[in-house]
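Novice: All I have is the shape, not the residue letters:
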Ligand SMILES: [Zn+2]
(Lines give C-alpha, C1' and ligand atoms only; values in the text may rest on other atoms or scores of the structure.)
Protein backbone atom coordinates (compact mmCIF):
# COMPACT_ATOMS: atom_id res chain seq x y z
CA UNK A 1 0.00 0.00 0.00
CA UNK A 2 1.07 3.62 -0.44
CA UNK A 3 2.02 5.71 2.61
CA UNK A 4 -1.23 7.54 2.19
CA UNK A 5 -4.12 8.03 -0.17
CA UNK A 6 -5.40 11.58 -0.36
CA UNK A 7 -8.78 12.51 -1.73
CA UNK A 8 -8.83 16.19 -2.70
CA UNK A 9 -12.34 17.50 -3.30
CA UNK A 10 -13.21 20.11 -5.92
CA UNK A 11 -15.86 22.82 -5.55
CA UNK A 12 -18.97 21.63 -7.33
CA UNK A 13 -20.76 23.07 -10.34
CA UNK A 14 -23.89 21.37 -9.08
CA UNK A 15 -25.41 20.89 -5.64
CA UNK A 16 -25.94 17.24 -6.53
CA UNK A 17 -22.38 16.12 -7.20
CA UNK A 18 -18.91 16.65 -5.82
CA UNK A 19 -15.82 15.37 -7.57
CA UNK A 20 -12.36 14.61 -6.22
CA UNK A 21 -8.86 13.79 -7.40
CA UNK A 22 -7.09 10.90 -5.68
CA UNK A 23 -3.37 10.96 -4.98
CA UNK A 24 -1.39 7.90 -3.90
CA UNK A 25 1.82 8.90 -2.12
CA UNK A 26 4.86 6.64 -1.91
CA UNK A 27 8.19 7.14 -0.14
CA UNK A 28 9.22 9.54 2.60
CA UNK A 29 7.46 12.93 2.38
CA UNK A 30 10.61 15.04 1.89
CA UNK A 31 12.63 12.52 -0.16
CA UNK A 32 14.10 13.34 -3.59
CA UNK A 33 13.80 12.81 -6.48
CA UNK A 34 10.13 13.67 -6.33
CA UNK A 35 8.03 12.20 -9.12
CA UNK A 36 4.50 13.16 -10.12
CA UNK A 37 2.54 10.91 -12.49
CA UNK A 38 -1.01 11.24 -13.66
CA UNK A 39 -3.20 9.59 -16.28
CA UNK A 40 -5.80 10.90 -18.69
CA UNK A 41 -5.82 14.66 -18.18
CA UNK A 42 -7.63 14.25 -21.51
CA UNK A 43 -10.23 12.06 -19.93
CA UNK A 44 -11.05 10.10 -23.09
CA UNK A 45 -7.47 8.79 -23.33
CA UNK A 46 -7.91 5.50 -21.57
CA UNK A 47 -4.57 3.64 -21.96
CA UNK A 48 -3.00 5.71 -19.15
CA UNK A 49 -5.77 4.76 -16.73
CA UNK A 50 -4.85 1.10 -17.14
CA UNK A 51 -1.10 1.80 -17.01
CA UNK A 52 -1.67 3.72 -13.76
CA UNK A 53 -3.51 0.72 -12.36
CA UNK A 54 -0.51 -1.51 -13.11
CA UNK A 55 1.80 1.15 -11.64
CA UNK A 56 -0.18 1.13 -8.38
CA UNK A 57 0.58 -2.57 -8.00
CA UNK A 58 4.28 -2.12 -8.79
CA UNK A 59 4.58 0.90 -6.47
CA UNK A 60 2.63 -0.85 -3.68
CA UNK A 61 5.03 -3.78 -3.88
CA UNK A 62 8.08 -1.51 -3.95
CA UNK A 63 6.80 0.42 -0.93
CA UNK A 64 6.21 -2.84 0.98
CA UNK A 65 9.77 -3.88 0.14
CA UNK A 66 11.16 -0.53 1.35
CA UNK A 67 12.43 0.16 -2.18
CA UNK A 68 11.09 3.67 -2.75
CA UNK A 69 14.21 5.82 -2.36
CA UNK A 70 12.62 9.03 -3.64
CA UNK A 71 9.00 10.10 -3.47
CA UNK A 72 6.17 9.35 -5.89
CA UNK A 73 2.71 10.84 -6.15
CA UNK A 74 0.43 9.01 -8.55
CA UNK A 75 -2.99 10.28 -9.59
CA UNK A 76 -4.67 7.19 -11.13
CA UNK A 77 -7.04 9.52 -12.96
CA UNK A 78 -6.12 13.16 -13.40
CA UNK A 79 -9.46 14.45 -14.56
CA UNK A 80 -12.64 13.64 -12.62
CA UNK A 81 -14.53 16.35 -14.53
CA UNK A 82 -13.82 14.77 -17.90
CA UNK A 83 -14.33 11.21 -16.68
CA UNK A 84 -17.86 12.18 -15.79
CA UNK A 85 -18.75 13.69 -19.17
CA UNK A 86 -21.07 11.16 -20.75
CA UNK A 87 -23.11 12.49 -23.67
CA UNK A 88 -25.63 10.08 -25.14
CA UNK A 89 -23.33 7.11 -24.39
CA UNK A 90 -20.28 8.87 -25.88
CA UNK A 91 -17.45 9.99 -23.69
CA UNK A 92 -15.90 13.21 -25.00
CA UNK A 93 -13.09 13.99 -22.58
CA UNK A 94 -10.81 16.46 -24.35
CA UNK A 95 -12.78 19.66 -23.71
CA UNK A 96 -14.78 20.72 -20.70
CA UNK A 97 -18.47 20.75 -21.57
CA UNK A 98 -19.02 23.79 -19.32
CA UNK A 99 -16.97 25.78 -21.85
CA UNK A 100 -13.62 25.72 -20.08
CA UNK A 101 -11.80 24.56 -23.21
CA UNK A 102 -9.20 21.87 -23.77
CA UNK A 103 -8.21 20.31 -20.46
CA UNK A 104 -4.55 20.26 -21.52
CA UNK A 105 -4.18 23.74 -22.93
CA UNK A 106 -3.82 27.25 -21.58
CA UNK A 107 -2.17 26.27 -18.32
CA UNK A 108 -0.87 29.52 -16.84
CA UNK A 109 2.72 30.54 -17.31
CA UNK A 110 4.10 30.81 -13.79
CA UNK A 111 7.23 32.67 -14.92
CA UNK A 112 6.23 36.37 -14.80
CA UNK A 113 4.92 36.27 -11.26
CA UNK A 114 7.73 34.02 -10.04
CA UNK A 115 10.36 36.28 -11.66
CA UNK A 116 8.92 39.29 -9.89
CA UNK A 117 9.15 37.55 -6.53
CA UNK A 118 12.63 36.15 -7.21
CA UNK A 119 14.22 39.38 -8.47
CA UNK A 120 17.47 40.01 -6.59
CA UNK A 121 17.31 36.76 -4.62
CA UNK A 122 19.10 34.28 -6.90
CA UNK A 123 22.86 33.70 -6.97
CA UNK A 124 25.49 31.18 -7.99
CA UNK A 125 24.41 28.49 -5.49
CA UNK A 126 22.39 26.14 -7.66
CA UNK A 127 20.92 24.06 -4.84
CA UNK A 128 19.79 27.18 -2.97
CA UNK A 129 18.24 28.56 -6.16
CA UNK A 130 16.38 25.31 -6.83
CA UNK A 131 14.90 25.29 -3.32
CA UNK A 132 13.88 28.95 -3.52
CA UNK A 133 12.41 28.63 -7.02
CA UNK A 134 10.35 25.57 -6.03
CA UNK A 135 8.99 27.38 -3.00
CA UNK A 136 8.20 30.45 -5.10
CA UNK A 137 6.49 28.52 -7.91
CA UNK A 138 4.36 26.75 -5.32
CA UNK A 139 3.38 30.06 -3.75
CA UNK A 140 2.34 31.39 -7.18
CA UNK A 141 0.15 28.30 -7.72
CA UNK A 142 -1.43 28.88 -4.31
CA UNK A 143 -2.53 32.29 -5.56
CA UNK A 144 -4.38 30.96 -8.60
CA UNK A 145 -8.13 31.54 -8.67
CA UNK A 146 -9.90 28.41 -7.46
CA UNK A 147 -13.53 29.19 -6.78
CA UNK A 148 -14.96 27.30 -9.75
CA UNK A 149 -14.40 23.62 -10.40
CA UNK A 150 -12.17 23.80 -13.49
CA UNK A 151 -9.88 26.43 -11.92
CA UNK A 152 -9.69 24.55 -8.63
CA UNK A 153 -8.87 21.36 -10.53
CA UNK A 154 -5.97 23.06 -12.33
CA UNK A 155 -4.63 24.29 -9.01
CA UNK A 156 -4.96 20.87 -7.37
CA UNK A 157 -2.86 19.18 -10.09
CA UNK A 158 -0.27 21.97 -10.38
CA UNK A 159 0.24 22.02 -6.62
CA UNK A 160 1.32 18.37 -6.75
CA UNK A 161 3.60 18.66 -9.78
CA UNK A 162 5.21 22.07 -9.68
CA UNK A 163 8.02 21.15 -7.28
CA UNK A 164 8.68 17.68 -8.75
CA UNK A 165 11.94 16.58 -10.34
CA UNK A 166 10.09 14.34 -12.81
CA UNK A 167 6.53 14.78 -14.17
CA UNK A 168 5.05 12.04 -16.36
CA UNK A 169 1.82 13.10 -18.10
CA UNK A 170 0.19 9.98 -19.57
CA UNK A 171 -1.84 10.60 -22.72
CA UNK A 172 -2.63 8.80 -25.96
CA UNK A 173 -3.33 9.89 -29.52
CA UNK A 174 -6.19 8.69 -31.75
CA UNK A 175 -4.76 5.83 -33.85
CA UNK A 176 -1.09 5.91 -33.03
CA UNK A 177 2.26 4.37 -32.31
CA UNK A 178 3.97 5.05 -28.98
CA UNK A 179 5.55 8.51 -28.89
CA UNK A 180 6.93 11.03 -26.44
CA UNK A 181 7.13 14.86 -26.32
CA UNK A 182 10.13 16.33 -24.50
CA UNK A 183 11.80 19.69 -24.08
CA UNK A 184 15.18 19.80 -25.82
CA UNK A 185 16.70 21.12 -22.58
CA UNK A 186 16.19 17.65 -21.06
CA UNK A 187 17.80 15.80 -23.95
CA UNK A 188 19.70 13.46 -23.85
CA UNK A 189 19.65 13.20 -20.06
CA UNK A 190 16.27 11.48 -20.13
CA UNK A 191 16.73 9.64 -23.42
CA UNK A 192 16.13 6.34 -21.63
CA UNK A 193 12.42 7.15 -21.25
CA UNK A 194 11.54 6.84 -24.95
CA UNK A 195 13.95 3.90 -25.23
CA UNK A 196 12.25 2.02 -22.42
CA UNK A 197 8.81 2.69 -23.87
CA UNK A 198 9.76 1.70 -27.40
CA UNK A 199 8.92 5.17 -28.70
CA UNK A 200 8.51 5.49 -32.47
CA UNK A 201 8.46 9.30 -32.39
CA UNK A 202 10.60 11.20 -29.90
CA UNK A 203 9.67 14.82 -30.48
CA UNK A 204 11.78 17.64 -29.08
CA UNK A 205 10.81 21.29 -28.84
CA UNK A 206 11.82 24.41 -26.94
CA UNK A 207 8.25 25.52 -26.36
CA UNK A 208 5.34 23.89 -28.14
CA UNK A 209 3.16 26.91 -27.34
CA UNK A 210 0.04 25.04 -26.28
CA UNK A 211 0.22 25.84 -22.58
CA UNK A 212 0.21 22.08 -21.96
CA UNK A 213 0.39 20.83 -18.40
CA UNK A 214 3.86 19.27 -18.69
CA UNK A 215 5.40 22.40 -20.19
CA UNK A 216 3.66 24.62 -17.63
CA UNK A 217 5.58 22.67 -14.99
CA UNK A 218 8.96 22.54 -16.78
CA UNK A 219 9.25 25.76 -18.78
CA UNK A 220 9.43 28.22 -15.86
CA UNK A 221 12.89 26.82 -15.10
CA UNK A 222 14.12 27.56 -18.63
CA UNK A 223 12.45 30.96 -18.73
CA UNK A 224 13.80 31.98 -15.33
CA UNK A 225 17.29 30.95 -16.47
CA UNK A 226 16.87 33.33 -19.44
CA UNK A 227 15.48 36.07 -17.24
CA UNK A 228 18.34 35.76 -14.69
CA UNK A 229 21.39 34.77 -16.78
CA UNK A 230 23.82 35.47 -13.92
CA UNK A 231 22.12 32.97 -11.61
CA UNK A 232 22.73 29.20 -11.65
CA UNK A 233 19.32 27.80 -12.63
CA UNK A 234 19.19 24.22 -13.94
CA UNK A 235 16.23 22.73 -15.87
CA UNK A 236 15.22 21.11 -12.58
CA UNK A 237 11.82 19.78 -13.58
CA UNK A 238 11.78 17.12 -16.29
CA UNK A 239 8.19 17.02 -17.49
CA UNK A 240 7.07 15.02 -20.49
CA UNK A 241 3.96 13.95 -22.35
CA UNK A 242 3.87 10.23 -23.05
CA UNK A 243 1.47 9.22 -25.82
CA UNK A 244 0.54 5.62 -25.02
CA UNK A 245 -0.38 4.74 -28.64
CA UNK A 246 -4.01 5.19 -29.70
CA UNK A 247 -7.35 5.45 -27.94
CA UNK A 248 -8.26 1.86 -28.70
CA UNK A 249 -4.92 0.41 -27.57
CA UNK A 250 -6.08 -0.63 -24.14
CA UNK A 251 -5.06 -4.06 -22.87
CA UNK A 252 -3.41 -5.54 -19.81
CA UNK A 253 -0.52 -6.82 -21.94
CA UNK A 254 0.32 -3.35 -23.23
CA UNK A 255 -0.38 -1.59 -19.94
CA UNK A 256 1.71 -3.98 -17.86
CA UNK A 257 4.67 -3.67 -20.24
CA UNK A 258 4.36 0.14 -20.26
CA UNK A 259 4.12 0.28 -16.45
CA UNK A 260 7.22 -1.88 -16.12
CA UNK A 261 9.06 0.36 -18.58
CA UNK A 262 8.19 3.42 -16.50
CA UNK A 263 9.21 1.56 -13.34
CA UNK A 264 12.65 0.76 -14.82
CA UNK A 265 13.01 4.39 -15.88
CA UNK A 266 12.33 5.48 -12.29
CA UNK A 267 14.86 2.94 -11.00
CA UNK A 268 17.50 4.31 -13.36
CA UNK A 269 16.88 7.85 -12.08
CA UNK A 270 17.24 6.99 -8.40
CA UNK A 271 13.56 7.01 -7.43
CA UNK A 272 13.21 3.28 -6.81
CA UNK A 273 15.92 0.88 -5.65
CA UNK A 274 17.04 -1.99 -7.88
CA UNK A 275 18.98 -2.44 -11.08
CA UNK A 276 16.89 -1.80 -14.21
CA UNK A 277 19.72 -2.94 -16.49
CA UNK A 278 20.77 -0.91 -19.50
CA UNK A 279 18.05 0.91 -21.41
CA UNK A 280 17.08 -0.86 -24.63
CA UNK A 281 18.26 0.56 -27.92
CA UNK A 282 16.06 3.39 -29.14
CA UNK A 283 13.67 2.49 -31.98
CA UNK A 284 14.00 5.98 -33.43
CA UNK A 285 16.21 9.00 -33.15
CA UNK A 286 14.95 12.16 -31.50
CA UNK A 287 13.62 14.69 -34.00
CA UNK A 288 12.35 18.24 -33.79
CA UNK A 289 8.64 18.81 -33.34
CA UNK A 290 8.98 21.51 -36.02
CA UNK A 291 9.80 18.68 -38.44
CA UNK A 292 6.68 16.68 -37.55
CA UNK A 293 4.14 17.22 -40.29
CA UNK A 294 0.56 17.63 -39.11
CA UNK A 295 -1.54 16.83 -42.17
CA UNK A 296 -4.84 18.70 -42.40
CA UNK A 297 -8.02 17.66 -44.11
CA UNK A 298 -8.83 19.96 -47.05
CA UNK A 299 -12.57 19.41 -46.74
CA UNK A 300 -15.25 17.46 -44.93
CA UNK A 301 -15.54 13.82 -45.87
CA UNK A 302 -14.79 10.18 -45.23
CA UNK A 303 -11.15 9.24 -44.81
CA UNK A 304 -9.80 6.30 -46.76
CA UNK A 305 -6.18 5.95 -45.69
CA UNK A 306 -3.61 4.80 -48.24
CA UNK A 307 -0.73 4.42 -45.79
CA UNK A 308 -0.50 2.41 -42.58
CA UNK A 309 0.81 3.42 -39.19
CA UNK A 310 4.57 2.92 -39.09
CA UNK A 311 4.88 3.18 -42.86
CA UNK A 312 7.65 5.35 -44.27
CA UNK A 313 6.11 7.84 -46.64
CA UNK A 314 7.66 10.33 -49.03
CA UNK A 315 7.00 14.03 -49.51
CA UNK A 316 4.09 14.39 -51.91
CA UNK A 317 2.88 10.83 -51.39
CA UNK A 318 -0.86 10.31 -51.13
CA UNK A 319 -1.52 9.10 -47.58
CA UNK A 320 -5.30 9.25 -47.76
CA UNK A 321 -8.21 10.03 -49.99
CA UNK A 322 -11.06 12.12 -48.73
CA UNK A 323 -14.36 10.86 -50.03
CA UNK A 324 -17.30 13.22 -50.53
CA UNK A 325 -20.46 11.16 -50.05
CA UNK A 326 -22.50 13.97 -51.67
CA UNK A 327 -20.59 13.90 -54.98
CA UNK A 328 -22.88 13.26 -57.94
CA UNK A 329 -20.07 11.84 -60.07
CA UNK A 330 -18.28 9.07 -58.16
CA UNK A 331 -15.20 9.68 -60.33
CA UNK A 332 -14.95 13.14 -58.75
CA UNK A 333 -15.77 12.10 -55.19
CA UNK A 334 -12.19 11.66 -54.02
CA UNK A 335 -9.61 14.29 -53.03
CA UNK A 336 -6.07 13.08 -52.40
CA UNK A 337 -4.30 14.16 -49.21
CA UNK A 338 -0.50 14.36 -49.34
CA UNK A 339 2.40 14.08 -46.95
CA UNK A 340 4.46 17.27 -46.72
CA UNK A 341 7.62 15.48 -45.66
CA UNK A 342 9.65 12.28 -45.84
CA UNK A 343 9.06 10.38 -42.65
CA UNK A 344 7.24 7.82 -40.56
CA UNK A 345 3.45 7.84 -40.33
CA UNK A 346 2.97 8.14 -36.57
CA UNK A 347 -0.71 8.89 -36.02
CA UNK A 348 -4.03 8.75 -37.86
CA UNK A 349 -7.63 9.59 -37.07
CA UNK A 350 -9.58 6.90 -35.27
CA UNK A 351 -12.96 8.21 -36.40
CA UNK A 352 -12.90 8.39 -40.18
CA UNK A 353 -15.44 11.14 -40.85
CA UNK A 354 -13.71 14.52 -40.61
CA UNK A 355 -14.39 18.24 -40.77
CA UNK A 356 -12.38 20.68 -42.93
CA UNK A 357 -9.06 21.53 -41.31
CA UNK A 358 -9.04 18.47 -39.06
CA UNK A 359 -5.62 17.01 -38.32
CA UNK A 360 -5.67 13.60 -39.96
CA UNK A 361 -2.06 12.43 -39.54
CA UNK A 362 1.28 13.18 -37.96
CA UNK A 363 4.39 12.28 -39.91
CA UNK A 364 7.76 12.25 -38.15
CA UNK A 365 10.19 13.99 -40.48
CA UNK A 366 13.68 15.34 -40.04
CA UNK A 367 13.54 18.64 -41.88
CA UNK A 368 11.85 21.60 -40.23
CA UNK A 369 8.68 22.57 -42.02
CA UNK A 370 7.89 26.14 -43.03
CA UNK A 371 4.43 26.08 -41.44
CA UNK A 372 5.60 24.55 -38.14
CA UNK A 373 6.90 27.23 -35.79
CA UNK A 374 8.20 27.12 -32.23
CA UNK A 375 5.51 28.39 -29.91
CA UNK A 376 2.68 27.34 -32.23
CA UNK A 377 3.16 23.60 -32.57
CA UNK A 378 0.17 22.15 -30.79
CA UNK A 379 -3.32 21.63 -32.10
CA UNK A 380 -6.02 23.13 -29.91
ZN1 LIG B 1 -3.99 14.01 -24.67
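Specialist: Yep, it's here. Treat the numbers as computed from the prediction; the structure is a model and nothing was measured.

Novice: from the middle of its chain, how far away would stretch 176-186 be?
Specialist: 9 Å (Cα atoms, centre = their mean, to the nearest Å).

Novice: what's in contact with that stretch?
Specialist: If you take Cβ atoms under 8 Å, 6 or more residues apart in numbering as the criterion, stretch 176-186 is touched by 173, 190, 193-194, 197-208, 214-215, 218-219, 222, 235, 238-246, 249, 286, 289, 309-310, 346-348, 364. Bear in mind the C-beta positions are built from the backbone N, C-alpha and C, glycine included.

Novice: That stretch: which residues count as buried?
Specialist: Buried residues in stretch 176-186, counted by 16 or more other Cβ atoms under 10 Å: 176-183, 185-186.

Novice: And for stretch 1-11?
Specialist: For stretch 1-11, by 16+ other Cβ under 10 Å, it's 2, 8, 10.

Novice: ok, and the closest non-adjacent residue to the first one?
Specialist: Spatially, and ignoring its direct neighbours in sequence, residue 2 is nearest to residue 24 (4.2 Å; Cβ to Cβ, 6 or more residues apart in numbering).

Novice: Around that neighbour, how many other residues sit close by?
Specialist: 22 (other Cβ atoms under 10 Å).

Novice: quick revisit: could you point out which of the buried residues of stretch 1-11 is nearest to the ion?
Specialist: Closest approach to the ion among the buried residues of stretch 1-11 (Cβ to the ion): residue 10, at 20.3 Å.

Novice: circling back to that earlier point, out of the contacts of stretch 176-186, which are buried?
Specialist: Buried among the contacts of stretch 176-186 by 16+ other Cβ under 10 Å: 173, 190, 193-194, 197-208, 214-215, 218-219, 222, 235, 238-246, 249, 286, 289, 309, 346-348, 364.

Novice: Restricted to helices, list those residues.
Specialist: 193-194, 197, 214-215, 218-219, 222 (DSSP state H).

Novice: Next up, the contacts around the spatially most central residue of the chain.
Specialist: Nearest to the mean C-alpha position of the chain, by Cα atoms, centre = their mean, lies residue 241 at 2.5 Å. Residue 241 is in contact with 169, 171, 180-181, 212, 214, counting by Cβ under 8 Å, 6+ apart.

Novice: Once you drop chain neighbours, what's closest to it?
Specialist: Distance criterion Cβ to Cβ, 6+ apart; nearest residue to residue 241, sequence neighbours excluded, is residue 181 at 4.2 Å.

Novice: Likewise for residue 218?
Specialist: Excluding its sequence neighbours, the residue lying closest to residue 218 (Cβ to Cβ, 6+ apart) is residue 239, at 3.9 Å.

Novice: try residue 29
Specialist: For residue 29, ignoring the flanking residues on the chain, the nearest one in space by Cβ to Cβ, 6+ apart is residue 71 at 6.9 Å.

Novice: Verify the contact between that neighbour and residue 32 for me.
Specialist: Yes. Shown here, residue 71 and residue 32 form a contact pair, counting by Cβ atoms under 8 Å, at 7.0 Å.

Novice: More neighbours: the two, which one.
Specialist: Set residue 71 next to residue 32 and count neighbours by other Cβ under 10 Å: residue 71 wins out with 21 against 14.
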